[in-house]
Structures are given as C-alpha cells and as structure tokens.
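>>> For reference, the sequence and a predicted model appear below.
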Amino acid sequence: MLNTQPNLTRPDDFYEALIDMHRDLDEAQSQSANAQLILLLANHVGEHEALMDAIRFARAGAECAPSGNGATRSHGQLAA
Amino acid sequence: MIDYQTLTFEYARCSEQSPDAAACVHPVVVVGAGPVGLATAIDLAQHGLPVVLVDDDCTLSTGSRAICFSKRSLDIFDRLGCGERMVEKGVSWNVGKVFRKDELVYSFNLLPESGHHRPAFVNLQQYYVEGFLLERAQALPNLEIRWKNKVTGIAQRGTQGLEAAHVALAIETPDGPYELLARYVVAADGSRSPVRKLMGLDSHGRTFKDRFLIADVKMEADFPTERWFWFDPPFHPNQSVLLHRQPDNVWRIDFQLGWDADPVLEKTPERVIPRVRALLGPDVKFELEWVSIYTFSCLRMDSFRHGNVLFAGDSAHLVSPFGARGANSGFQDSENVAWKLAMVLEARAPDALLDTYASEREFAADENIRNSTRSTDFITPKSAVSRVFRDAVLTLAREHAFARQLVNSGRLSVPAVLRESALNTADEETFAGQMVPGAPCADAPGVDSQGAPQWLLAQLGGRFAGLLFCRAGVRLESGTREALDALARGPVPMHFVAVLDGEGAVPEGLPTGTTILRDAEGMAAQRYGAQDGAFYLIRPDQHVCARWRHADAPRVERALKRALCVAGTA
C-alpha cells in the first residue's frame, strides 16, 4: 500500500532540490535524471504493490492532464 | 569428421506404397525431422512405441541457426542417450557479461552452484544437434524415418477420445502419393508448419520491427567462453551486439541493424565484413561461415492440441532469440508429449491426459513469450521514453547493484515450473527448497552401491519414479513399505530410487530393482528439502508431481492416478 499521506521530513527542501537537480541540464539530460531518480526511488520502496499503486496514480494523473496534442481525457477511463 | 550440413538421406519406398499393403493405423506419426521432431520420435521409441517420422526434405539444418542448448535440454538429451556427445562437442559456458559502450556493467553466472552434471549451457551448431539426434534415432529399431515424405493433406476421422479416432495424412513422395494413418500425429514441422496451414489454424502475437544480422565467423580468437552482449558499443553505435563461441573455432556475432536496414544489401560480404572487422580490429583473420538476416515474432497457437494432432516446437510457438527459448522450449514440449502419448497408447491413461500436454505447454509458452518480449523491449525500446529508461538503467548499473537486475539482454531459458498443472497433487506439508509439485527435478551428485560417482537425474530415468530419502542401516517404516509395494504392484511401470544419507547398510524392504544412491555430499536431501522418509513421485519427464514427508499407500496411489488423469481423482 502506497503511503500518500504527508511523509517528507523536509518537504520544501526536497522540492527545491528536485528542481535544482535539473539546473543546466538539456531536455535529454533532464529526462535521464528523472528516469534515474524514479528507478532509485522504486528500488528503495521495493514493495511491488506500493509501486503498482504509484504507477496507477501517476498514470491517472497524466491522463487528466492536458495532453501535448491538446486532447483531454475523462476521469472515468482511469480505473483499469 | 562428418559434415552434417552436407549429408543427404535416401528416400525409400515404405510398406504403405506396396501394392498389396493392408491398411494399417500407426500409433503415432511425427511430422518434421528437425530437432524437436527427432527428440519426440526418439523419446516415443524409447517408451517402446513403433514410431514413423516423416520429413519433406532429406537434409539436416543448413547454417548454425540455434546454438545455445540449456542444461534442461542436455538433461533431456542424456535421457535420450545422446547427451554426452552434445557436451563433448559443444562449448560449455555459465557466465554472461553485459557491456555498455566499452564498459562492463554487469556479469552473471547462470549456474553459480556446483553439484550438477551438466553446465548451464553448451553452444553447438544446430546441425550437430540434429546430427547426433538423428544418429541416435537411426539406432532405434522401432523408429522409421521416411525422407521426402511431404504432408499435403490431413483429415481427422472418428470421435476424439475413442480408440477408433485417428488422423489420415496425405503424403507426397517421389513415387507419388499414399495415405498414412496414425492414431496421433505430433506436428513438429517448424514455424511455417504446413500441418497447421492445412488445418486452417493460426498463430497469434507480435512481430517486432527490428532487423538483426547473424555473422558466424571462423577465426582463432582469445575471447573467453562467455556470452558477451554490448549495448551501444563504439564499433556498432546505437545498436546492440552479441558474441558467442561455438565449436570448431566458429563465433556467432549478432548485430542489431534497426528496422530501416536493407535485408538484401546487409547480407552481402561487402557490408558484413567491415562490421565484423570493426569488432575484431584490423589484424584478426577470419572467414565468414554463415550469414543471415532475421526479424522475429512472438507468436503462439491458441491451442497446441486439435483433435488427435498435437503441435510441438516452433509450429506451436515462436519467441525472439534473446534468451535461447526457442529450441530449448521445443525439447520440453517433446518430452512432455512423449510420455503422455505412451501412457495413452498403452491404455494406462485416458485420452484426456493429452489435454494436459496442451495446457502445460501453453502455460510454458506464455512464460517464454513474456520473458522474450521483455528482453526484446529492453534491447529494442519501442518509444523515446522506453529508451530513456533503458539507458537510465544501464547508467545506474555501473555504480548501483540494484539496477543490474533490471538489465535485460535476454533472460536465459530455464524450464517452466508447472505449478498450476492438474496433474500435481498439492503439498499437505511444508518442504524447504525449490522442488514444489510441477518443478523440474534438480540434479545432485551421489555414489552408487559400487562406490562409483553417479548423478541423481540419470538414476530417475524416463519412467514414473518413486524417489525415497532414507537413513542407511534403518528399517523402512511400514507406511513407506506399503506405499512402495502398492506402486510396484500397480498398473504403471515404476522405478524406485533410494537416496541414502550415509554409508550404512541398505534398508530392508525396498522393492526389487531399487537404485541406491548415497547422498555423499548431502546435496540431494538439501535440494529436495528432504528428511528421512520423504517420498517424491516423479513424472517420466522428471517433473515433481507429488511429495510427502512420509509416504502411505492410499495417498501415493491417488497421486499417481491424478498424474495420469485417471477418473475419480478430480
């Protein structure tokens, strides 16, 4: 079960560091940094069910975000 | 030395073609004398069945083609009587290395523990495997091979499940057509299976948009005997390369080319030689032995059984080559179908047992396709973001151990654990180790009653086996004795292996003919999680079907019936 309640010990410091990680990186390097970060954190979490929850939540969030093509999707499609 | 690639075999007229031939229904006909068809035919013949093997051609494999044969395949070849030749000629290997650019990111050992007769893999050109299987097949008097016998039509007659049900094959020969009848047909006729087409059946799955070049080169080289895989090497940027050693100083080099590559142009020596030279350097002398361009698909038939026709090997399922799961899974098909056909044809089991061939091997094919597809998605990322993650894994793998387990250059073939098989009897007790019902039996070293070293798998043989773990010098428990006696007297030929924990006297009460194996290093007991009195019922294909901490007659008899689909056990 993925913990989505507040759990960060220093939330503002974390967020600043996350944005800062991308400083002076080009688009490809930023993509690489994000991917590496996800993999490092996923390994730290370890538990498969928690990771699947995170993947579902992220996918759901992405589908209600405006797409690059301008299309939007309804919330209803996300459960599967 | 025999050049198996140039051998041709004589067509000969068969009994059906003589004018006064009486109609005859063979118990089983195997279609296709490739590796899987040959293995199936040998296995069936070793069960004592008369077997007819037909092939539309009269030669063995041209080109090395499949080269990696897994430990499980070697264990099967041992049972078929040709394992030693394969291992002697083959190049044994256990270690794989993965490079990114020219940097080692990951190394793995596929057989990190000792105490197994066979290595994780041998590399051996397919024509040797077929040649050795063929020579074994030719030594079996009840196996008739009919070259240049092409199946051109197929019809099923009678009601499936009844003894009169059979298959009629229309066969075309240089002397014209004839009709070949068989109760069962095993179609091992390859990825383009004419039998499948004649029956109007399909395979479904994915075709991958990528092209690969195989260059088998002959050279003196000092690469170690390991599987080397490069992502994005300097000598072949942005693509992958695989290097493998074969016998006779032949090396397999597999270059990823991408979908846009021109398959005709890329096959020409003018294009191939510079690619090879880029890998080997300017001074290495080599000759091209075999060149091939391929694409691949992951496909399978919805069902491996259609009436009295059973599909095995590439005719039933296809995978990408990364992981050596094609031919190796085909041999597992062959041993699965062979013992079941033998039991049904000897009237020891109902026709329904053959349904479990389909269900077990469909399950295994799905596992192979899943693994092979995952490897392919890593090697050939399908989208920009997939490529980003792939490269991120490779970057992290240099420094961080966790990422190495995500590097996927091919998850190499291991036999399926048939956990969900209807033939298994569920555990009632807990056992340590991996030998759950459905698992392929692990090997272990031991010593026979003469003090000579022996291997456990070789003792189990190709019949149903009862594997008993017991203490030397101690009488068997009465429940164990009754169980062994019930099986020994039962309708199914059984073989017993007693694994003794030490050097003391052989326990009294073992059935006549029991093979004694002394577990000198304790590995057998450890791998089977076994203590004194533990009893395993083993299938003829050396998969576990049931086990108990202490055997008793009613339970082992029930488990044996279940393993044969005999009514009243559901």
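Done, it's in.
>>> residues in contact with the residue of the stretch 301-450 of chain B found nearest chain A?
Relative to chain A, the nearest point of the stretch 301-450 of chain B is B:A392 (3.6 Å; CB to the nearest CB). Just so you know, the C-beta spots here come from the backbone N, C-alpha and C atoms, and that holds for glycine as well. Taking CB atoms under 8 Å, 6 or more residues apart in numbering or on different chains, we find B:A392 in contact with A:S32, A:A35, A:Q36, A:I38, A:L39.
>>> okay, the residue of chain A found nearest chain B: pLDDT?
Among all residues of chain A, A:A35 sits closest to chain B, at 3.6 Å; criterion: CB to the nearest CB. According to the prediction, A:A35 has pLDDT 98.
>>> Validate this expectation: it resides in a helix.
Yes: applying DSSP: H, G, I helix; E, B strand; the rest coil, one finds A:A35 inside a helix.
>>> can I assume it is in contact with B:F389?
Yes: between A:A35 and B:F389 a contact is recorded at 4.9 Å, counting by CB atoms under 8 Å.
>>> CA atoms of the helix or strand encompassing the residue of the stretch 301-450 of chain B closest to chain A as PDB?
If you go by DSSP states H and E, B:A392 is part of helix B:384-399. Taking C-alpha atoms only, helix B:384-399 is exported to PDB below (Å, rounded to 0.1, in the frame of the first residue of the first chain):
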ATOM      1  CA  ALA B 384      11.500   7.500 -26.700                       C
ATOM      2  CA  VAL B 385      10.600   7.200 -23.100                       C
ATOM      3  CA  SER B 386      11.300   3.400 -23.100                       C
ATOM      4  CA  ARG B 387      14.800   4.300 -24.500                       C
ATOM      5  CA  VAL B 388      15.300   6.900 -21.700                       C
ATOM      6  CA  PHE B 389      14.500   4.300 -19.000                       C
ATOM      7  CA  ARG B 390      16.700   1.600 -20.700                       C
ATOM      8  CA  ASP B 391      19.600   4.000 -20.800                       C
ATOM      9  CA  ALA B 392      19.000   5.100 -17.300                       C
ATOM     10  CA  VAL B 393      19.200   1.500 -16.100                       C
ATOM     11  CA  LEU B 394      22.400   1.000 -17.900                       C
ATOM     12  CA  THR B 395      23.900   4.200 -16.500                       C
ATOM     13  CA  LEU B 396      22.800   3.300 -12.900                       C
ATOM     14  CA  ALA B 397      24.100  -0.300 -13.300                       C
ATOM     15  CA  ARG B 398      27.700   0.800 -13.400                       C
ATOM     16  CA  GLU B 399      27.500   2.100  -9.800                       C
END
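>>> to the chain's geometric centre, what's the distance from that helix?
Mean-position distance between helix B:384-399 and its chain equals 33 Å (CA atoms, centre = their mean, to the nearest Å).
>>> Show me which positions of it end up buried.
Across helix B:384-399, burial judged by 16 or more other CB atoms under 10 Å in any protein chain shown covers B:V388, B:F389, B:R390, B:D391, B:A392, B:V393, B:L394, B:T395, B:L396, B:A397.
>>> quick one on the thing from earlier: pLDDT value on the residue of the stretch 301-450 of chain B closest to chain A, please?
So B:A392 comes in at 97 (pLDDT).
>>> Next up, the contacts around the closest residue to it other than its chain neighbours.
Leaving out its chain neighbours, the residue that sits closest to B:A392 by CB to CB, 6 or more residues apart in numbering or on different chains is A:A35, at 3.6 Å. For A:A35, the contact set (CB under 8 Å, 6+ apart) comprises B:V388, B:F389, B:D391, B:A392.
>>> any chance of those residues in a markdown table, plus distance to B:R527?
Shown next, in a markdown table, are those (distance: CB to CB, whole Å):
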| residue | distance to B:R527 |
| --- | --- |
| B:V388 | 42 |
| B:F389 | 37 |
| B:D391 | 39 |
| B:A392 | 38 |
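>>> Out of the residues you listed, which two sit at the greatest distance?
B:F389 and B:D391 (7.4 Å; CB to CB).
>>> show me where pLDDT drops low in the chain?
Since you didn't name a chain, this refers to chain A. A:69-80 (pLDDT under 70).
>>> other chain: chain B
B:568-570.
>>> domain parsing for it?
What automatic domain parsing lists as the domains of chain B is B:15-89+B:120-201+B:302-368, B:212-295, B:445-563.
>>> do chain A as well
Here the domain assignment for chain A is A:10-46, A:47-80, based on automatic domain parsing.
>>> Can you tell me the SS state at B:W251?
strand.
>>> Can you name the helix or strand that the most centrally placed residue in chain A falls in?
In chain A, the centroid-proximal residue (CA atoms, centre = their mean) is A:A58; its distance is 5.9 Å. Secondary structure from DSSP H and E places A:A58 in helix A:48-64.
>>> those helices in the chain, which residues are they?
The chain I'm using is chain A. With DSSP state H as the criterion, chain A has helices at A:11-21, A:27-45, A:48-64.
>>> Oops, wrong one, chain B.
Under DSSP H, chain B gives helices at B:35-46, B:71-80, B:83-89, B:126-138, B:194-198, B:269-280, B:327-345, B:353-379, B:384-399, B:401-404, B:456-460, B:478-489, B:523-527, B:553-563.
>>> and the ones you listed, which is most packed in?
Among those, the stretch with the highest mean neighbour count (mean count of other CB atoms under 10 Å in any protein chain shown) is helix B:35-46, at a mean of 29.
>>> Just list what it packs against, helices and strands only.
strand B:25-31, strand B:51-54, helix B:71-80, helix B:126-138, strand B:143-146, helix B:327-345 (3 or more CB pairs under 8 Å, 6 or more residues apart in numbering or on different chains; DSSP states H and E).
>>> Just checking: what are the partner strands of the fifth one?
I take that to be strand B:143-146. Using DSSP bridges, the strands paired with strand B:143-146 are strand B:51-54 (parallel).
>>> If you count neighbours, what's buried in the strand it pairs with?
Neighbour-count burial for strand B:51-54, counted by 16+ other CB under 10 Å, picks out B:V51, B:V52, B:L53, B:V54.
>>> got it, and stretch A:35-42?
Buried, per 16+ other CB under 10 Å, within stretch A:35-42: A:A35, A:Q36, A:L39, A:A42.
>>> can you list the residues of chain A near chain B?
A:Q31, A:S32, A:A35, A:Q36, A:I38, A:L39, A:L40, A:N43 (CB under 8 Å from any CB of the partner chain).
>>> I'd like those residues written out as TSV, with distance to B:T373 added.
TSV is the format used below for the residues of chain A next to chain B (distance: CB to CB, whole Å):
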residue	distance to B:T373
A:Q31	24
A:S32	25
A:A35	21
A:Q36	24
A:I38	22
A:L39	20
A:L40	26
A:N43	23
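>>> wait, B:R79 sits on B:A465?
No: using CB under 8 Å, B:R79 is not in contact with B:A465; the gap is 11.7 Å.
>>> Got phi/psi on the nearest residue to B:A488 once chain neighbours are set aside?
Spatial nearest neighbour of B:A488, chain neighbours left out: B:P511 (4.2 Å); criterion: CB to CB, 6+ apart. Per-residue torsions, B:P511: phi -60, psi 150 (degrees, to the nearest 10).
>>> quick one: contacts for B:P511?
B:L484, B:D485, B:L487, B:A488, B:F496.
>>> ok, 7 Å please
B:L484, B:D485, B:A488, B:F496 (CB atoms under 7 Å, 6 or more residues apart in numbering or on different chains).
>>> Between these, which sits nearest A:R23?
Within the contacts of B:P511, proximity to A:R23 (CB to CB) peaks at B:F496, which comes in at 72.0 Å.
>>> Lovely, talk soon.
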